[in-house]
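K.L.:
Okay, sequence plus prediction incoming.
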Amino acid sequence: MIPLLSAVVFTIMIKSIPLFKRVQKNLDRVTGITRENLTGVRVIRAFRKEDEEIAAFNAANDDHTGFQNFVGKISALMNPITLILVNGGVIVLLLSGAHFVEIGEMTQGEVVAMTNYMAQILVELVKFANTLLTVNKALACGDRIEAVLEAPVGMAVQEGSSSSALDTQTAVIFSNVGLTYEGNAEPSLTGIDLQVPRGATVGIIGSTGSGKSSAVQLIPRFYDATEGAVLVNGRDVRTYTPEELRDRIAIVPQKPILFRGTVRSNLLWGNNNATDEELWTALEAAQAKDFVLQKEGGLDAPVTQGGRNFSGGQRQRLTIARALVRKAEILILDDSSSALDYATDAALRKSLRELPERPTIFLISQRTSSIQHADVILVLEDGRSVGVGTHEQLLHSCEVYREIYESQFQKGEDAE
Ligand SMILES: Nc1ncnc2c1ncn2[C@@H]1O[C@H](COP(=O)(O)OP(=O)(O)O)[C@@H](O)[C@H]1O
Ligand SMILES: [Mg+2]
C-alpha cells in the first residue's frame, strides 16, 4: 500500500506545484486590474471605457476562476484516491485473513488487530499527504515573498570621513552632477554645478522634463548620481546612512500623497513627537489652517485613502505642513504650489521666508513669480544648467529664463 500511496501523492504534487504558481500569477493580474480600475475610475468614466474595462476584468477573472477550478479538481482527487487505496487494502487484508483463519493459521482476533493497525497507519499517511499539499502551496507563495525580501538594496553606504570636513557654510553642493536613469539611453542631468549657502533659498525653473525633480531627488538620495557628487554639509550623500541623511531633509513631492487616517496622523509623519501647537504652527505656515479648522474635528478630521476628501490644492498644503513639522535643515518643495492660486502662493512663500529655523529651501516651480525672490535661481533645460543667478542677473544673461518670464508676464497682464 505504501508504495502505491506514495506514487499517487508524488504524482499529484509534481503536477500541482507549477500550477499553484500560475494560480498566484493569475490572482496578481486580477488584483492588479481591480486596483487600477479603482484608482482610475474617473478617467475610465471620462473616456467611456467602462465596457472595455469590465470585459478586461471578466476575461482575467474567468481565466483565474477556470484555472483555480482545474487545480482544485486535481488536489480534490487526492482524498478519494487515497481513501480508495486504504479501504482496498483493508478488503485485501480481510479476504486473505479469512483464508488464514479458515485453515487455522490465524485467530480472528489477530485479523481484527491487523486491520486496525493498518487503518491507523494508512490514515496517518493520508494526513501526511494532505500536509504535503499545503506545504506545496505555501512554497509557491514563499517563493514570491522571498523575491521581494531578497531584492538587493542598491544604495550601499560608502566608507567616508564621517566626522571630518563638516562644512557649516554651504548646505548643499552639486559638483558636476550627471544622472542617467537605469534603462534610459539619454542622461536626465548633465554637468550640474551649484553651491548653496546655509539658509539660502534656491529656485529651480525649467520646462517639464528638464530634470528639476531629478535634481532635487539626488539630495535625499532617492537616486544616486551617476557622475559627480552631491554634498550635504560638505559630505558626500553616499557616506551618510539613510536615517542620518533623511532626518536633515524634508521633501514635499511633486505628487501630493496622503495616507488614510486623520490630519494629525498624517502630519505626525514629519515628527512623531510634535505637539498640537507645533502642528497648528506648521498648518498656518503652509496656509492650511483655515480649511482644517473648517473641517469637522480639526486635527482629527478623517483623511480617506489617498486624501481624496481634500482638493488638490488642500492636499498640497497638507503635504507642505507635514514637511514643515519636521523642522529639517533642508526643505525641498517640488512644484508644490502648482495647484495654489497666486495669492495663497505668495502668502506661502512669505511664511517660508519667516520660518524661525531658517532652513535651506529648494523651490521648484514653473512660475517665475514663485521664485523671483530666491537668493539664487537655477535654470534647467534638457538636464543642463543654462543659467545660475538672481532674477535680475538672469533676465539680462539667460535667454531661456527671459522667455519664460516674458511669456508669463504677458499672460498675467492679459488676464487683468
Ligand atoms: N524614475 C525615472 N525613471 C526613468 N526616467 C525618468 C525617471 N524620472 C524621470 N525620468 C526622466 O528624466 C527626465 C527629467 O524628468 P524630471 O526630473 O521629472 O523633470 P521635471 O521635474 O523637470 O519635469 C525626463 O525626461 C524623464 O523621462
Ligand atoms: Mg518634476
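P.N.:
Done, it's in. Ligands and ions are numbered 1, 2, ... in the order given.
K.L.:
Up against ligand 2, what does the stretch 101-250 of the chain have?
P.N.:
With Cβ under 5 Å from the ion as the criterion, the stretch 101-250 of the chain meets ligand 2 at residues Ser213. To be clear about C-beta, it is placed using only N, CA and C from the backbone, and glycine gets the same treatment.
K.L.:
what about the stretch 101-250 of the chain, any weak spots by pLDDT?
P.N.:
Counting by pLDDT under 70, the stretch 101-250 of the chain has low-confidence residues at 154, 159-168.
K.L.:
Most proximal residue of the chain with respect to ligand 2?
P.N.:
Ser213 (3.2 Å; Cβ to the ion).
K.L.:
What helix or strand is Leu324 located in?
P.N.:
Following DSSP states H and E, one finds Leu324 within helix 312-325.
K.L.:
Buried residues in that helix, which are they?
P.N.:
Residues 313-325 are the ones in helix 312-325 that count as buried (16 or more other Cβ atoms under 10 Å).
K.L.:
about what we covered before: tell me how many other residues crowd the residue of the chain closest to ligand 2.
P.N.:
19 (other Cβ atoms under 10 Å).
K.L.:
That one touches Ile364, doesn't it?
P.N.:
Yes - the pair Ser213 / Ile364 is scored as a contact, 7.0 Å apart, by Cβ atoms under 8 Å.
K.L.:
Could you say which helix or strand holds the residue sitting nearest the centre point of the chain?
P.N.:
Closest to where the C-alpha atoms of the chain average out (Cα atoms, centre = their mean) is Ile257, at 10.9 Å. Per DSSP H and E: Ile257 is located in neither a helix nor a strand.
K.L.:
Could you do Gln195 as well?
P.N.:
strand 189-197.
K.L.:
can you give me how far that strand is from the chain middle?
P.N.:
Mean-position distance between strand 189-197 and its chain equals 28 Å (Cα atoms, centre = their mean, to the nearest Å).
K.L.:
which is the next helix or strand following it?
P.N.:
Criterion used, DSSP H and E; the element after strand 189-197 is strand 201-205.
K.L.:
sec struct for Ala339, please.
P.N.:
Three-state call for Ala339 (DSSP: H, G, I helix; E, B strand; the rest coil): coil.
K.L.:
oh sorry, the question was meant for Gly104
P.N.:
coil.
K.L.:
Kindly report the same for the one 10 residues further on.
P.N.:
Secondary structure state of Met114, per three-state DSSP, is helix.
K.L.:
What count of nearby residues applies to it?
P.N.:
Other residues close to Met114 by other Cβ under 10 Å number 16.
K.L.:
mean confidence for stretch 274-282?
P.N.:
Averaging pLDDT along stretch 274-282 yields 91.
K.L.:
Distance of Asn176 relative to Glu186?
P.N.:
18 Å (Cβ to Cβ, to the nearest Å).
K.L.:
Thr39 now?
P.N.:
30 Å.
K.L.:
one step back: most widely separated two among the buried residues of helix 312-325?
P.N.:
Maximum pairwise distance among these (Cβ to Cβ): 19.1 Å, between Gly313 and Val325.
K.L.:
Look at Thr39 and Glu186 and report which has more neighbours.
P.N.:
Using other Cβ under 10 Å as the criterion, Thr39 and Glu186 rank with Thr39 on top: 13 against 9.
K.L.:
Please name the nearest non-neighbouring residue to the more buried one.
P.N.:
Gly306 (7.7 Å; Cβ to Cβ, 6 or more residues apart in numbering).
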